[in-house]
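Participant: Turn this into a model:
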Amino acid sequence: MKKLFEGIGIVALVCISFVYTEQTVNVVKEYDEIMISIKKENDNYKVEAKDAIIQEDTIIPGINGKEVNINDSYSKMKRYGKYNSNLLSYQEVSPNISLKNQFDKYIISGNVEKNMISFIFLVEENDTIDSILHTLNSKKIKGNFFVDGKWLEKNNNELVNLIKQGHTVGNLSYNRDYSHSSFAWLDTFIKKVGKQEIGYCYNEVADVTSLQLCSLSKNYTIRPNIIVKNYPLKETKEQVTPGSIISFPINSIVEKELSTIITYIQSKGYVIETLQNHLNESFNH
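Facilitator: Reported below is the predicted structural model:
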């Protein structure tokens, strides 16, 4: 019994010694000139995160902030032997209110501070997208193709190739009816066969049933702030703003004017991106 208590005592002493040593090291580190300099610099480099904006059933993504990773920066500089701002490490800080997993809201825009624009092309049953793809490729632009289930039935390989080429594919179900029994099949094909991690649905007006069904499948629902009808270039020029999501039908007018639309958008300083990049709350500060 005596040996048992002696053993317990030794273990306790080791634990106390370890805790004391760790606390001592932390105290010494806090008064280290390198650590003091890093903490001062953190105030200069820190960027506050911006919350996503939620209004009723709509959402606009937020943007992550950033701050100095103090311990990582300290470790690097301690090995270097002195403070060096080039060795500062950073970490992203998520907003308190984020787009992540907010599947029950309509995304109506990207964050205006990212200065990005996204094009959505609505691909119906008998549409061909060769001309659109040719223009996008010639401009080195990636688009978002929201496809009808009947189009997918005839173009399985083309959908997979779209994703491989860096474009994003959205789900129009069958005739935009998300209660259709094959909506889940189309969703599975995009995510499992196409290997696209994030799924997207589409609505032009509020539709509670569609929103709920897409939410249950963990798809974000896009409600574009610009829906082109008859005059693609004119309508885009009149309505485009930072963060805009613009939807286009597939027709000869869009095919003819797309190159000019891209040139105009870029001349305004906007970057044309996929929804995945546009809506991502990470931000290169």
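
Participant: tell me the mean pLDDT for the longest strand along the chain?
Facilitator: Under DSSP state E, the strand in the chain containing the largest number of residues is strand 116-123. On average, the pLDDT along strand 116-123 is 98.

Participant: Need the CA coordinates for the helix or strand just after it. CSV is fine.
Facilitator: Next along the chain after strand 116-123, taking DSSP states H and E as the criterion, comes helix 130-138. Presented in CSV, the C-alpha positions along helix 130-138 are these (Å, rounded to 0.1, in the frame of the first residue of the first chain):
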residue,chain,number,x,y,z
ASP,A,130,-21.1,24.6,-78.1
SER,A,131,-21.2,28.3,-79.1
ILE,A,132,-21.4,29.5,-75.5
LEU,A,133,-18.5,27.2,-74.5
HIS,A,134,-16.5,28.4,-77.5
THR,A,135,-16.9,32.1,-76.4
LEU,A,136,-16.2,31.3,-72.7
ASN,A,137,-13.1,29.3,-73.6
SER,A,138,-11.8,32.0,-75.9
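
Participant: Also compute the angle for helix 130-138 relative to strand 116-123, please.
Facilitator: 160 degrees (axes from the mean of the first three to the mean of the last three C-alpha atoms, to 10 degrees).

Participant: And helix 130-138, what does it pack against?
Facilitator: helix 252-267 (3 or more C-beta pairs under 8 Å, 6 or more residues apart in numbering; DSSP states H and E). Any C-beta I mention is one placed from the backbone N, CA and C, and that applies to glycine too.

Participant: got the buried residues for the helix it packs on?
Facilitator: Going by neighbour count (16 or more other C-beta atoms under 10 Å), the buried part of helix 252-267 is V254, E255, E257, L258, I261, I262, I265.

Participant: what about the longest strand of the chain, distance to the chain center?
Facilitator: Relative to its parent chain, strand 116-123 has a centroid offset of 15 Å by C-alpha atoms, centre = their mean, to the nearest Å.

Participant: That strand pairs with which strands?
Facilitator: strand 144-147 (parallel), strand 245-249 (parallel), strand 271-272 (parallel) (DSSP bridges).

Participant: And the contacts of it?
Facilitator: 110, 129, 132, 141, 143-148, 151, 170, 172, 202, 222, 224, 240, 242-250, 254, 265, 270-275, 277-278 (C-beta atoms under 8 Å, 6 or more residues apart in numbering).
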